[in-house]
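Peer 1: mind looking at a prediction? Sequence and model below.
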Amino acid sequence: MKKLAKFILSTGFCLVGLSVFFSCSIEDESALKEMEIKVFGEQNRNIPVSMAKAGKEDALVPYALLDKIDVSSQVYDAARKTVTVRYSGNEYVFTLGAYEATKNGSKISLPLAPRLDGDTVMMPAAFLLKEFQAKMVIGENLEIYVPTVVTNPTLAWSGEQYLNGSPLDYLVQIAKDKNFRSIVLTDKVAFTGQYVPVDALTPDEYWWRVKPMTDPDLSTGWSEPQWFKIIAPEKEYTVKAGSTAEQIHNVIQEAAQNTPALVKFEKGEYHVSPSFQYLKCQPDPSQYGGGVNPPGLIELIGAKNLVIEGNGSTVCIDNESSILKAFVSKNLILRNITFTTHMPLKPAGRIVGVNTAASTLQFELLEGQVTPEEKPDYYKNFNEGFAVTDSSGATKRGVLTRMRHAQIPGKVSGRVYQVTVTEARSVASFAKDLAVGDFIYFVPKQGGAYGAMGIFAEYCEDLTLYNVRKTESGGYSYIIKNCEKLKFLKFIDKPRSVHDHSEGGLIGSGRTGIWMEDCEFWNYSDDGPQNSTEPIEIYMKPSSNMLILKQDTELRGSMNLPDMNFALARYWKTNNIRPGDQLMIYTNQIDPGDVRYTVKDAVFRAGYISVTLDRSIPESTVIELSKPFPSGKTVVVNTSSRQTGAAYRNCLFKNIARNGIYGAAADFLIENCRFEDIGETGLRVADFVTADCANILIRNNVIERSNLNCTALEAVSIGVLMYDRANTWKNGMKNVYILNNRIIDRNKVGFYIWATDNLLIEGNILENKKYTNYGYHSPSWGTTQNEILRLKDCRNAVFQNNSILDTRPLPVPYIKTAVDGFKAAGNMFSNGYKD
């Protein structure tokens, strides 16, 4: 099996604990023993090489671009078969396994092979001798050469996150010159430890630097400038106007085999009906429902350095097909394109009658919607049922997000149908809020429609959706798992009409969180974007040598993919795990290790499997299970998926039936976003027990009209989803800052915070937080009054300098159960009350 090692390049300065880095990879375990040195000249031959440092072997050796070193600095010792390179006053010796002299003027370079970007750098001897475990310190003026086609690069650093107990902002600058006389952009960010420019950069050379905002003086405090280069694709392929799905597919596949490449659509409107399934390895069928796996217009596996330029075109998908399926791919960009469909993927109708005694609704199907006779699968998801909206498409106030029904709707006459609601309480309790003229729509989690118009990706690195627009989806708008450097930039997910919907979006696992900026999300019948660190296949890791797995779940097995190091194919289910099986631990999702463990015991319980290992597992992300599964295949599952550096900036979330954002990550930034007409919680951040959620900054957002269905408690929720109450503090939230937000709402709780250590709620404005008839409603609690703040099992909580306008008389923070250290000060109320 190939071995993939990863190392970090860091600047040599130290500023508030700050260091800047790029990540590079060395693939193939033979790289641990020898590298390849290319002698460019008349003979142009490859020569095996091992390296040693001349002089101080324990010194940290910087990277250098050998093709930038003068030939005169290279000394060849024919007897010893060594080449000595002098750089910045240090000597580096390359011992050659075979060498033939070349003409004067030739250059020696050492690539990190195999590399996707084609850059040539020198491998430091000391680092090689320590098998890539050392941390590199870069020389003062060293240029780091990482050319890529990615036009919105991820710029990352490590440094302090707080200044005097408050979140510390960083300024990021990108320029065309090292002296920063030609600045391209300046921006500010906190907590994430990374930055992505929202506007695409053109192919060119750039420098970037970062500065902690410890003082306002912009002339000092910057990191050393770091150099990067964006390259233009070498080859261009054209999708001609009027191309069919198969023709589009063929052009993209040819380009994917000849990267770096650009696929460019001729501007126009395309009508396509994909009917093929190129990928031999498909996403989890359960995400579509009924095991149906629809074809995709764009299907990529093992692609690298590919740009798909829509050129402002519109692609109309005329059947139940998905937009994109990408697997085990790197440096992919899909940009400047709109995807739509004329197919009604979620049947919608107008309510024409409500019979609360019989628990029935009658509705008239809208023009163009498929009938139950034409597409019964669209109406068979009785558990998920249907949702109710008002005439604007917003979640109906006081109505549950979903109403379950007993059977396929029966025809009354013409296009009028009747459906029986199985949850009679839903209709009876909220009959006053259901009105003739409201609309219902069904959720088809059965059949191919559930995968239609979806975007799916697994095990990809640096995937960018830039200025991509799409309308409704049959199911989830996107399901993206185990991807690194995922970017949604100027992504618009907005239906053609107020009566079209998507199910929501799921972003699962991945070591680095998504960067989402200038995006819009409309008309979701479930949660808004779910940025989740929840394990995909494992419930939890209750102890260092135990895993709790879900039963009857298909896992991912190995597949032989050229030059790739991921496992994808599915061969068996968790139920096959037995004592004696071997597990191989990965250090994270991109970089596999080779430490093996043995299953000592596998206890099958109701719905899950408790697996005990022969020894403790370090903090890891991916586990590969092997032996004795069918055909010798291996299987990959997640044991922990700590996600860091997620950012949601300048985004709109509107008409979301459940939570506007449902996220979990460490170093998580949510700022300058707007949430409107949200069915449940406007903004919900939750820890999923196995993940580490700390350092969360929520600032300068607006939440207007949340909790429309009266099933949630709050406009903003921070807390832990606990499988075991005893584990509350084991994996609780830490360091949460809710600053300068504006909440405009007439019902329930402003903030509900639980199992959080070190909480600051400051500078927020809450408007219209007065008692109404809605409050919180549940069968067990009944209807409650409102509270500004609810705390549960919190430590070190501060609620200060907030403004609460138009409130019921004398509101005070409502504290539920244990709170260890709470302070309220400087809060202003419009009725004159002041704490």
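Peer 2: Great, that's in hand.
Peer 1: surely residue 650 touches residue 517?
Peer 2: Yes: assessed by CB atoms under 8 Å, residue 650 is found in contact with residue 517 at 5.7 Å. In short, each C-beta sits where N, CA and C put it, glycine included.
Peer 1: which one of those two has more residues nearby?
Peer 2: residue 517 (23 against 15; other CB atoms under 10 Å).
Peer 1: which parts of stretch 154-166 are buried?
Peer 2: Applying a neighbour-count criterion of 16 or more other CB atoms under 10 Å, one finds 154-157, 159, 161 buried in stretch 154-166.
Peer 1: contacting residues around residue 213?
Peer 2: 163, 168-171, 188 (CB atoms under 8 Å, 6 or more residues apart in numbering).
Peer 1: looking at these, which has the most residues close by?
Peer 2: residue 170 (24 neighbours).
Peer 1: distance check, it against residue 491.
Peer 2: Distance, residue 170 to residue 491, by CB to CB, to the nearest Å: 25 Å.
Peer 1: then residue 802?
Peer 2: Taken as CB to CB, the span from residue 802 to residue 491 is 33 Å.
Peer 1: then residue 671?
Peer 2: For residue 671, the distance to residue 491 equals 17 Å [CB to CB].
Peer 1: more neighbours, these two?
Peer 2: Taking neighbours as other CB under 10 Å, residue 671 and residue 491 compare with residue 491 leading, 26 against 22.
Peer 1: just give the closest residue to that one, not the sequence neighbours.
Peer 2: residue 519 (4.5 Å; CB to CB, 6 or more residues apart in numbering).
Peer 1: the one you found: how many residues sit nearby?
Peer 2: Going by other CB under 10 Å, the residues that sit close to residue 519 add up to 22.
Peer 1: can you list contacts of the lengthiest helix in the chain?
Peer 2: Ranked by residue count under DSSP state H, the longest helix found in the chain is helix 245-256. Contact partners of helix 245-256, identified using CB under 8 Å, 6+ apart, comprise 235, 237-240, 243, 261-263, 270, 272-276, 278, 297-300, 303, 306, 308, 321.
Peer 1: so where do the helices sit in the stretch 251-400 of the chain?
Peer 2: Taking DSSP state H, counting those that start in this stretch, the stretch 251-400 of the chain contains no helices at all.
Peer 1: please enumerate the strands of it.
Peer 2: Here the stretch 251-400 of the chain has its strands, by DSSP state E, counting those that start in this stretch, at 261-265, 269-272, 296-301, 304-317, 322-327, 330-340, 348-355, 360-365, 386-389.
Peer 1: common neighbours of residue 650 and residue 517, please.
Peer 2: Shared contacts of residue 650 and residue 517, counting by CB under 8 Å, 6+ apart, come down to residue 198.
Peer 1: kindly provide the distance from residue 604 to residue 617.
Peer 2: Relative to residue 617, and taking CB to CB, residue 604 is found at 21 Å.
Peer 1: and residue 404, by the same measure?
Peer 2: In terms of CB to CB, residue 404 sits 40 Å off from residue 617.
Peer 1: check residue 468 too.
Peer 2: Using CB to CB, residue 468 is found at 39 Å from residue 617.
Peer 1: shaky segments in the stretch 451-600 of the chain?
Peer 2: Along the stretch 451-600 of the chain, segments meeting pLDDT under 70 span 509-511, 532-541, 550-576, 582-596.
Peer 1: hang on, the earlier thing: got TSV for the strands of the stretch 251-400 of the chain, with distance to residue 822 and mean neighbour count too?
Peer 2: Formatted as TSV, the strands of the stretch 251-400 of the chain follow (distance: least, CB to CB, whole Å; neighbours: other CB atoms under 10 Å):
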stretch	distance to residue 822	mean neighbour count
strand 261-265	57	22
strand 269-272	59	17
strand 296-301	52	24
strand 304-317	52	21
strand 322-327	47	26
strand 330-340	48	22
strand 348-355	46	18
strand 360-365	46	21
strand 386-389	38	26
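Peer 1: rewinding a little: keep only those of the contacts of residue 213 that are in strands.
Peer 2: Under the assignment DSSP state E, the contacts of residue 213 contribute 163, 169-171, 188 to strands.
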